[in-house]
Each structure stands twice: as structure tokens, then as C-alpha cells.
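*Asks:* Dropping a prediction and its sequence here:
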Amino acid sequence: MAKTTAKLLGFALAGAGAYGLWTAGQTMLGDDEATGTEHVANQVWIEKMPQSQRDMFGHLVLLDMSEGRFGGVGKSSQWRHMHEFFQWGLSGDRLSVYFPQDRQKGKVKVRSWRCEGEAPEPFELCLELSNGRQSTTMYSRDEWHIDPDDASDSLASLIAQHPELRGVVSQVQVSAPIDEDERDDYTEVENIGARFGQ
């Protein structure tokens with residue numbers, strides 16, 4: 001009986017250890033689905049569907065391309081566009097952002113999920129950005145995906161199909177990468193989430 005118990009305990013410990021290693025590996029290797037970041041990159045995100053040509057709405061795009069990871073955040077209507085570009089990194093559910101113009105950096109927690117029926121129509125995807133005290137939710141649709149291997153054509157197609165996104169996607173561009181040593185000198189901003197509407 002003692003040998004059977006010892007064997008069962010050994011199998012249980014081995015199983016728990018294997019599960020622990022698998023979980024750690026998924027986190028270290030960045031399993032997007034496990035961390036809730038599967039839809040974060042290469043997707044157009046907006047805070048609401050504009051109701052008129054003058055309706056200002058917040059937007060976010062994170063491009064993960066062979067040239068690097070670049071993003072754009074801002075507020076737009078069909079008549080006014082305010083954009084800021086940045087570089088970004090993702091570790092688990094932590095989005096690190098680097099704003100070269102102001103030499104500032106910060107981190108926010110991100111979570112994306114399928115939310116059709118939960119989100120306002122016509123949205124199918126949700127993105128939550130949180131700094132621990134405040135959060136904001138942005139929305140997207142499956143068809144608002146940007147092909148990172150052919151971003152120019154992908155963005156042109158989005159504009160043709162969804163003219164209301166013209167101000168968001170027409171301003172997306174790839175900048176020169178920032179040297180990591182330079183980013184180390186950036187000022188850490190605690191409430192970097194304010195740039196994302198928090």
C-alpha cells in the first residue's frame with residue numbers, strides 16, 4: 001500500500017511539474033492565446049464607431065512587421081487627425097511603449113478577446129488597456145486585420161472598404177527603429193495609459 005501511494009504521489013508530482021514547465025514555457029515563449037494577446041497586433045482598434053464625419057474617436061494600431069514593431073495612437077474624425085507614433089514590445093500581457101518624440105516610455109497591461117454580442121455592433125473583438133488604476137476598451141472587427149507582409153495593400157483595402165477608417169490607417173507608417181541604448185535613457189512615465197485614452 002505504501003509503495004502504491006508513493007507511486008501515485010510520484011506521478012502526481014511529475015504531472016504537476018510537467019504542467020508547471022508547460023505553463024512557464026507558454027509564458028516565456030509568448031503564447032498569445034494563453035496571455036490574452038492573440039488579436040493585439042496587426043489590427044485596427046477604435047474606441048467607438050464614428051456617428052458623423054466630425055465625430056472624433058480614439059484609435060490604436062500595433063504593427064508587428066519584419067522591419068520592427070511600430071504603432072500609432074491618436075484621435076481622428078474624417079476632418080481632423082492627431083497621431084503619435086511609437087515603438088512597442090510585448091512580454092506576456094505587458095505592452096511596453098516607447099515614444100521617441102518626447103523620449104518617454106511606459107507599460108500597460110493588455111488583454112484581447114472575441115466579444116461579438118458583448119461589444120457594441122458591429123464589433124467582434126475587444127482590447128482592454130489597463131495601468132492598474134484605470135482602463136479603456138477599444139474595439140475591432142475580424143476584417144480590420146492588417147497583413148504585416150503586405151501592409152500597404154492591406155491598409156489601402158481597408159480604406160476602400162471602410163472610409164470611416166481613412167484617418168486611422170492612412171497615417172500608419174514605419175519609422176526608423178530606435179536603438180535599445182537610447183530607449184534606456186527615456187523617462188519612465190507612470191501614467192503612459194493616458195495616451196491610450198485612460
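*Replies:* Received the coordinates, thanks.
*Asks:* mind listing what the helix or strand harbouring Lys107 pairs with, with the direction of each?
*Replies:* According to DSSP states H and E, Lys107 maps onto strand 104-114. Strand partners for strand 104-114, identified by DSSP bridges, are recorded as strand 94-99 (antiparallel), strand 125-130 (antiparallel), strand 187-188 (parallel).
*Asks:* And the contacts of stretch 120-136?
*Replies:* 39-40, 43, 45, 47-49, 58, 60, 95, 108-116, 118-119, 137-142, 190-193, 196-198 (CB atoms under 8 Å, 6 or more residues apart in numbering). C-betas here are computed from N, CA, C, even on glycine.
*Asks:* got a list of what the residue nearest in space to the middle of the chain touches?
*Replies:* By CA atoms, centre = their mean, the chain has its centre lying nearest to Val40, at 3.4 Å. Each residue near Val40 by CB under 8 Å, 6+ apart is listed here: Asp32, Leu62, Leu90, Leu95, Val110, Ser112, Leu127.
*Asks:* got TSV for the strands paired with strand 104-114, with mean pLDDT and mean neighbour count too?
*Replies:* Formatted as TSV, the strands paired with strand 104-114 follow (pLDDT from 0 to 100; neighbours: other CB atoms under 10 Å):
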stretch	mean pLDDT	mean neighbour count
strand 94-99	95	20
strand 125-130	97	21
strand 187-188	86	10
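*Asks:* Of all these, which one is nearest Gly71?
*Replies:* Nearest to Gly71, of all the strands paired with strand 104-114, is strand 94-99, at 7.1 Å by CB to CB.
*Asks:* And Glu182, how far from Tyr98?
*Replies:* Taking CB to CB, to the nearest Å as the measure, Glu182 falls 9 Å from Tyr98.
*Asks:* ok, now Trp144?
*Replies:* 24 Å.
*Asks:* and if you look at Asn191?
*Replies:* Asn191 sits 16 Å away from Tyr98, going by CB to CB.
*Asks:* got it, and Gln53?
*Replies:* Between Gln53 and Tyr98 the computed distance is 33 Å (CB to CB).
*Asks:* Which parts of the chain are helices?
*Replies:* Using DSSP state H, the helices of the chain run over 2-29, 32-35, 151-161, 166-169, 180-184.
*Asks:* I'd say Ile192 and Gly106 touch.
*Replies:* Yes: Ile192 is in contact with Gly106 according to CB atoms under 8 Å; the separation is 2.5 Å.
*Asks:* Any idea what Ser112 is bridged to?
*Replies:* Per DSSP bridges, the residues bridged to Ser112 are Leu127.
*Asks:* and it, how many residues sit next to it?
*Replies:* 24 (other CB atoms under 10 Å).
*Asks:* what's near enough to touch it?
*Replies:* Residues in contact with Ser112 (CB under 8 Å, 6+ apart) are Gly36, Thr37, Glu38, His39, Val40, Leu125, Cys126, Leu127, Glu128.
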